[in-house]
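Novice: Return a 3D structure for these sequence lines:
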Amino acid sequence: MKQVVQNYKSGELAVLDVPVPGCKPGGVLVRSAYSLISTGTELMKVSEAGMSMLGKARSRPDQVAKVMQSVATNGVPATYRKVMGKLDSYTPLGYSLCGVVEQVGAGVDDVKVGDLVACAGNEHALHAELNWVPKNLYAPVPDGLSPRHAAFGTVGSIAMQGVRQGEPQLGEVALVIGLGLIGQLVVQLLTASGVRVVGVDPDPARCELAERLGAAACGDPESAAVEAAVAELTDGHGVDQVYLAAGGGSNQPVELAAQLCRDRGRVVDIGKCRLDLPWNAYYEKELDVRFSRSYGPGRYDPAYELEGRDYPIGYVRWTERRNLACFLDLAARGKVDVEPLISHVADFDDAVETYQSLKNGDLKAITALFRYPEQEVEAESPAVAVPTVNVKPSPARSAKTPVRLAFVGAGNYATSMLLPHLTQREGVELSTVVTTTALSAANAQRKFGFAEATTDLDAVLGDKSIDAVFVVTRHSSHADLTRKALLAGKTVFVEKPLALTEDELAGVLAAVEESGNDRLQVGFNRRFAPLLQEARQRFGARTGPASLRYLVNAGTLTHGSWYLQQGTEGSRFAGEGGHFIDTASWLLDADPISVYAVAPAGNEDLQIVLRYPDGSTAAISYVTTGAPGFPKETLDLVADGKVLRLDDFVRASVYGRKRWVSSRLPKARDKGQNAELAAFIKAVRTGGPMPVPLESLVATTAATLAVQAGLAGGAPVTLAGAR
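Specialist: Model (predicted):
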């Protein structure tokens, strides 16, 4: 299928061939009929992409701060790979469309194949021929409403949420500053609510259009006509509410709002304009400044948007989806007229030229639409399960035959920490990349040279030519995907964690037993780090029990991180803690037999003590309240009169009869990913033992899971028999 994309690094716009997205449970696959181009939001994104790197940095200081923090934590090279990987990728455009349901996912019963729906979301209602849309981000289109008008559903919801934040009442007077697409819709919604409206915009054509659509008066922000109209309509008191629907860097809108608003009036920010509030003016009138968050309640909540968990109507009357349905209803009943807002309709194949014309100013438009080719909708065919293939992997292969790899998932870690090493390795062929979103698969194919990109996992598992499968998806899917790949006879590399629950771990082991396939590696890379390997060798063998202390300065997570979705993705330690337990167990050359965990009240810090068969102990302090400038990982191993110290994979030292101190690494922290991948590929090619025994992988996973159980029970958890 085709999709409009942009490379944020170069600014290139393209219509790209990408895989068809899969129809996941809890949503529908929609074939686009019309999608709306936001001449405000989207053109701002297009313009930013055309800036220099310095210009991009100036426009997004929040992202620059994140980059600097990453440099402090991960070093310059790793951060550079991560940032450039994101920049030099195609990103999608679009967030409002109307289309026909082509396939219905499990758990959806409110629409059927062939129904017309309006869709929302900058990850799900894209300028693409097909989109997978979760349940709470689409709404059925009422009878009689044309698809081109229903394509306004998302922007209509944005305008509606802004109006709801203003709490308009019959007979009030409102000022709408900015008469672009959102402003024009706000004018109509206010008029339909019995509110008289004064509009402000420097473009006379937009002012004239707003008056035709219901505004009482409109004018230039610097003209006396606007002030006179407000005085006449309000008996000199000022407007009851102001809606900021303007963009740009001028502070004039917020200053004008204070000037024309009545005492204790309401100012609602819908657009993205400068908000340098003049303190005296806002203080003296005690103005109520409010923000409108996109489409309404549910926005940016993964449980609502992705998992389909609706808010009870008795507590949240108007959610994203209810706003979308309400706007469609108003449009269908003629209470809102969007036809005058359509300045241009372009064929989807002409998308690049249309964007360029809008950006260059050759095409003046409040709204432009993409029209997609009409296609007949076929009835949904029943899903057919792919038979499980229970075969044991071949013990060896020809040295001249390349190892063929498939990647399930192509997120940030895969593209910055794994794939760059594999693309440089001889005897490796990147066969297929599988993702749930079509564009991420296409990006990985372009950047790393995969032969194929798809969203069809079953096709990969059924491909006998693929030797090994990398599972680098979100944590909640690791165990199930690993189980399926093992049953299909594949050698599997799964990023940590292997499992989030004891039942998931048991399912993986059941797959090993059923298939006879134990060819599994978990991405515990730190034991492969060259610096730590050398330090362990310098430390030498020990005769008595050891004490190990591991401080992990994990830091706080940014708002919106999927690591915070503990309901589906497990606790943060469950996702990351296996790294540190595995490292401790490798240094102590044993698997733990018990776990004791405690947590201070009021934060997410953890203190974990592991006991080992020979009496050794490992204390892991996993803290989120430390200073961000302090190194992330420091480790001390003490035994037999010797001390091994690791300073964040930058420097290591061993104190004993002789002292050894490594040279400071000038390039980067090497946490072992390259060596880990080399060992894995060698095992696949030769059929030899896996780099880490399965028993050790299971023991580390069981110990990680036992931390949560220990916190709940307040007592040590015995791991005897974990193998």
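Novice: From the contact counts, what lies against the longest strand anywhere in the chain?
Specialist: The strand that spans the most residues within the chain, counting by DSSP state E, is strand 27-38. Strand 27-38 sits against strand 96-104, strand 116-120, strand 130-134, helix 147-150, helix 153-166, helix 351-360, strand 367-371, with contacts defined as 3 or more C-beta pairs under 8 Å, 6 or more residues apart in numbering; DSSP states H and E. Placement of C-beta: from N, CA and C, glycine included.
Novice: got TSV for those, with mean neighbour count too?
Specialist: Listed next are those as TSV, based on neighbours: other C-beta atoms under 10 Å:
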stretch	mean neighbour count
strand 96-104	25
strand 116-120	27
strand 130-134	25
helix 147-150	23
helix 153-166	27
helix 351-360	17
strand 367-371	22
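Novice: hey, least reliable of these by pLDDT?
Specialist: Mean pLDDT is lowest for helix 351-360 out of the helices and strands packed on strand 27-38, coming in at a mean of 92.
Novice: Would you mind pulling up the elements that it packs against?
Specialist: Other elements packing on helix 351-360 under the criterion 3+ C-beta pairs under 8 Å, 6+ apart are strand 2-7, strand 13-17, strand 27-38, helix 41-49, strand 342-347, strand 367-371.
Novice: so which of these is the most packed in?
Specialist: Ranked by mean neighbour count, the helices and strands packed on helix 351-360 are led by strand 27-38 with a mean of 26 (mean count of other C-beta atoms under 10 Å).
Novice: quick check: mean pLDDT across that strand?
Specialist: 96.
Novice: List the strands paired with that strand, with their directions.
Specialist: strand 96-104 (antiparallel), strand 130-134 (antiparallel), strand 367-371 (antiparallel) (DSSP bridges).
Novice: With distance to Cys23 as added columns, please give those strands in CSV.
Specialist: Compiled in CSV, the strands paired with strand 27-38 are given as follows (distance: least, C-beta to C-beta, whole Å):
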stretch, distance to Cys23
strand 96-104, 4
strand 130-134, 6
strand 367-371, 22
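Novice: Of all the ones you listed, which one is nearest Asp220?
Specialist: Checking those against Asp220 by C-beta to C-beta gives strand 367-371 as the closest, at 22.2 Å.
Novice: just so I have it, where are all the strands in the stretch 301-450 of the chain?
Specialist: For the stretch 301-450 of the chain, the strands defined by DSSP state E, counting those that start in this stretch occupy 342-347, 367-371, 403-408, 428-434.
Novice: could you dump those strands to TSV with distance to Ser357?
Specialist: Output for the strands of the stretch 301-450 of the chain, formatted as TSV (distance: least, C-beta to C-beta, whole Å):
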stretch	distance to Ser357
strand 342-347	9
strand 367-371	9
strand 403-408	38
strand 428-434	34
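Novice: coming back round to it: tabulate the CA atom coordinates of the longest strand of the chain in CSV.
Specialist: C-alpha atoms of strand 27-38 as CSV (Å, rounded to 0.1, in the frame of the first residue of the first chain):
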residue,chain,number,x,y,z
GLY,A,27,-9.6,-2.3,16.4
VAL,A,28,-10.5,-2.2,12.7
LEU,A,29,-8.6,-2.0,9.4
VAL,A,30,-9.9,1.0,7.5
ARG,A,31,-9.4,1.8,3.8
SER,A,32,-9.2,5.6,3.4
ALA,A,33,-11.7,7.5,1.3
TYR,A,34,-10.7,11.0,2.2
SER,A,35,-8.0,12.3,4.6
LEU,A,36,-7.7,15.9,5.7
ILE,A,37,-4.5,18.0,5.5
SER,A,38,-4.2,20.3,8.5
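Novice: Can you list the low-confidence ranges for the protein?
Specialist: 44-88, 375-400, 559-560, 562, 664-668, 720-723 (pLDDT under 70).
Novice: what helices or strands is the longest helix seen in the chain leaning on?
Specialist: The residue-count maximum for a helix in the chain (DSSP state H) belongs to helix 694-713. Under the contact criterion of 3+ C-beta pairs under 8 Å, 6+ apart, helix 694-713 touches helix 502-515, strand 520-522, helix 572-576, helix 578-588, strand 594-598, strand 606-611, strand 717-718.
Novice: what's in contact with the last one?
Specialist: Right, the one you point to is strand 717-718. Contact partners of strand 717-718, identified using C-beta atoms under 8 Å, 6 or more residues apart in numbering, comprise Ile593, Ser594, Val595, Tyr596, Ala706, Ala709, Gly710.
Novice: cutoff 7 Å now
Specialist: Strand 717-718 is contacted by residues Ile593, Ser594, Val595, Ala706, Ala709, Gly710 when judged by C-beta atoms under 7 Å, 6 or more residues apart in numbering.
Novice: now these in a markdown table, with neighbour count and distance to Gln565?
Specialist: Compiled in a markdown table, the contacts of strand 717-718 are given as follows (neighbours: other C-beta atoms under 10 Å; distance: C-beta to C-beta, whole Å):
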| residue | neighbour count | distance to Gln565 |
| --- | --- | --- |
| Ile593 | 18 | 32 |
| Ser594 | 17 | 30 |
| Val595 | 24 | 24 |
| Ala706 | 25 | 22 |
| Ala709 | 13 | 21 |
| Gly710 | 22 | 23 |
